[in-house]
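J.: The following block contains a protein sequence and its predicted model.
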Amino acid sequence: MSTPWPPDLDSPLASEPVVRRPRVRMSGQQRREQLIGVGRTLFARKGYEAVSVEEIASEAAVSKPVIYEHFGGKEGLYAVIVDREMNRLLDQITTSLTGDHPRQLLEQAGTALFDFIENDTDGFRILVRDTPASASGFDSLILEVAVKVDHVLATQFKERGFNPKLSTMYAQMLVGMVAHTGQWWLDARKPKKKEVVAHLVNLAWNGLGHLEPRPSV
């Protein structure tokens, strides 16, 4: 049955205006940033696999081809978002590394990481979730931070009579311990971050303080 036109003003249909989401005209760069923001929120909330191109397009009020035009698809959008979050966290950690002693560096790196988790939770969730094979993930971030710590450890190892070639391995161990504790704290949120960092440093430094030059198992 067709609806009469003009509609009967006494009809229930006449009192229910059609709500249409307005289409906002944006420049190419504005649209790209909008899609990154929408994708970031969805990926943090649901993970990569659970988010579809259709859902991103619907949330952004655009057609699917717009996403393909800017990013080549969902994976391209995700890779851009992961890269941004990695650089943001890496910059925060690198900037914090102002000390010249392993214990101080560990405190600074731990504090910077936990600050990021607390203040940019969505960004950290994206980094620690499963990623497609072509996207740089959290393991890549750990490698980059460990490189920053390595050169200081090498100096300390040499001064203490240990093999400086082993500093790279120890840097991976220390940074990995901090990073994976951060993954746990992302949801636990107890104890408070300062207390967690203090315990991390306590474990790592007391272990390093009694380091054996040639350990055996």
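T.: Sure thing, it's come through. Numbering: from 1, shown residues only.
J.: C-alpha only now, for contacts and for neighbours.
T.: Noted.
J.: what's the neighbour count on residue 72?
T.: Other residues near residue 72 number 12, with proximity taken as other Cα atoms under 10 Å.
J.: how far does the helix or strand hosting residue 68 sit from the chain's center?
T.: Residue 68 is part of helix 64-71, with elements assigned from DSSP states H and E. In terms of Cα atoms, centre = their mean, to the nearest Å, the centre of helix 64-71 is set 23 Å apart from its chain centre.
J.: avg pLDDT for that helix?
T.: Throughout helix 64-71, pLDDT has a mean value of 96.
J.: Buried ones in that helix, by neighbour count?
T.: Across helix 64-71, burial judged by 16 or more other Cα atoms under 10 Å covers 64, 67, 71.
J.: Name the next helix or strand following it along the chain.
T.: That would be, after helix 64-71 and using DSSP H and E, helix 74-96.
J.: other SSEs contacting that following helix?
T.: helix 28-46, helix 64-71, helix 102-119, helix 121-128, helix 138-159 (3 or more Cα pairs under 8 Å, 6 or more residues apart in numbering; DSSP states H and E).
J.: what's the last one packed up against?
T.: Just to be clear, that refers to helix 138-159. So helix 138-159, by 3+ Cα pairs under 8 Å, 6+ apart, packs with helix 74-96, helix 102-119, helix 167-188.
J.: which one of those is the most hemmed in?
T.: Per residue and on average, the most neighbours among the helices and strands packed on helix 138-159 fall to helix 102-119, with a mean of 20 (mean count of other Cα atoms under 10 Å).
J.: So residue 149 sits against residue 105, correct?
T.: Yes: using Cα atoms under 8 Å, residue 149 makes contact with residue 105 at a distance of 7.4 Å.
J.: so how far is residue 62 from residue 37?
T.: Note on residue 37: its distance to residue 62, by Cα to Cα, to the nearest Å, is 14 Å.
J.: neighbour-wise, which of the two wins?
T.: Neighbour comparison, residue 37 and residue 62: the larger count goes to residue 62, with 16 against 13 (by other Cα under 10 Å).
J.: Name the SS class of that one, please.
T.: Assigned with DSSP: H, G, I helix; E, B strand; the rest coil, residue 62 falls in the coil class.
J.: Give me the phi and psi angles of it.
T.: Main-chain dihedrals, residue 62, degrees, to the nearest 10: phi -130, psi 170.
J.: Kindly report the same for residue 98.
T.: According to degrees, to the nearest 10, residue 98 has phi -110, psi -10.
J.: so how far is the helix or strand bottoming out on mean pLDDT in the chain from its chain's centroid?
T.: Lowest mean confidence among the helices and strands of the chain (mean pLDDT, DSSP states H and E): helix 138-159, at a mean of 82. Averaged C-alpha coordinates place helix 138-159 at 20 Å from its chain's average position (Cα atoms, centre = their mean).
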